[in-house]
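Structure of the sequence below:
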Amino acid sequence: MPRGEQVPSGIVVWFQKNGWMDSNLMLRYVDYLNDIRSKNGTRRDPIMLVYDSFKGHLDESVKRKFHESGIDLAVIPGGLTSICQPLDVSINKPLKDNLRKEWHMWMAGGGAGETTAGNLRRAKLSDVCSWVTYSWEYIQDEIIIESFKSCGISTNLDSDLEITDEEDSDIDDISDNINDSENSSNDSEIGSDDNENHVM
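Just a heads-up that it's a prediction; the model follows:
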């Protein structure tokens, strides 16, 4: 952090020179998670982390550390984070909207000021950390829960999620469509226009 700035309480800031997540930060993150789980008594509870396929997440040392810590790692194939990653599905947009509001209020309140050259000053990193805190507090628990359910990630055994063999499922769909077709018309064929609307 720049001189004179402090990270607000409740915020953890890690960084490295090139600004990218790498395997060293990932290893540090696993240690951080293990420390939290030890303190709150959940170290033995099952845990799964859902990550995209960024190479820093998949380094052998990182995967080994996850395994040794009893943490299952679910890797989302490239191009599918918008469907399978809870953050991308429902959480990031309201978080970023809230963050933008914080920035707007800061700008409207004259927080930026001007440099001697007449340019707007950038926000302090400590201010940005505070905006992240406030923005996250606005995210309701229901949004997070529904996002996980939308991605098919749930511990609720009574949920509507169903795991089936894809081939068996296709056969059942075709069988149902044929039965529907026979009931709706005595002279129906699988390849007719009416039935094509039913085939998945």
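
quick one, domains of the chain?
Here the domain assignment for the chain is 1-78, 82-162, 166-196, based on automatic domain parsing.

average pLDDT across the longest one?
Mean pLDDT, taken over the full extent of domain 82-162, equals 85.

The residue minimising distance to the centre of the chain: what's it in contact with?
A centroid search over the chain (CA atoms, centre = their mean) returns Leu87, at 2.5 Å, as the residue closest to the centre. Residues near Leu87 by CB atoms under 8 Å, 6 or more residues apart in numbering: Ser147. In this view, the C-beta of every residue, glycine as well, is placed from N, C-alpha and C.

Just confirm it is within a helix.
Yes: for Leu87, which was evaluated using DSSP: H, G, I helix; E, B strand; the rest coil, the result is membership in a helix.

Report the separation between it and Trp131.
With the distance defined as CB to CB, to the nearest Å, Leu87 ends up 18 Å from Trp131.

can you give me the strands in the chain?
Residue ranges of the strands in the chain, as given by DSSP state E, are 47-52, 71-76.

Tabulate those in a markdown table, adding columns for mean pLDDT.
Formatted as a markdown table, the entries for the strands of the chain read as follows, by pLDDT from 0 to 100:
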| stretch | mean pLDDT |
| --- | --- |
| strand 47-52 | 86 |
| strand 71-76 | 88 |
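
Of all those, which one comes closest to Pro94?
strand 47-52 (18.9 Å; CB to CB).

okay, now Pro86: neighbour count?
Look at Pro86: counted by other CB atoms under 10 Å, it has 20 neighbours.
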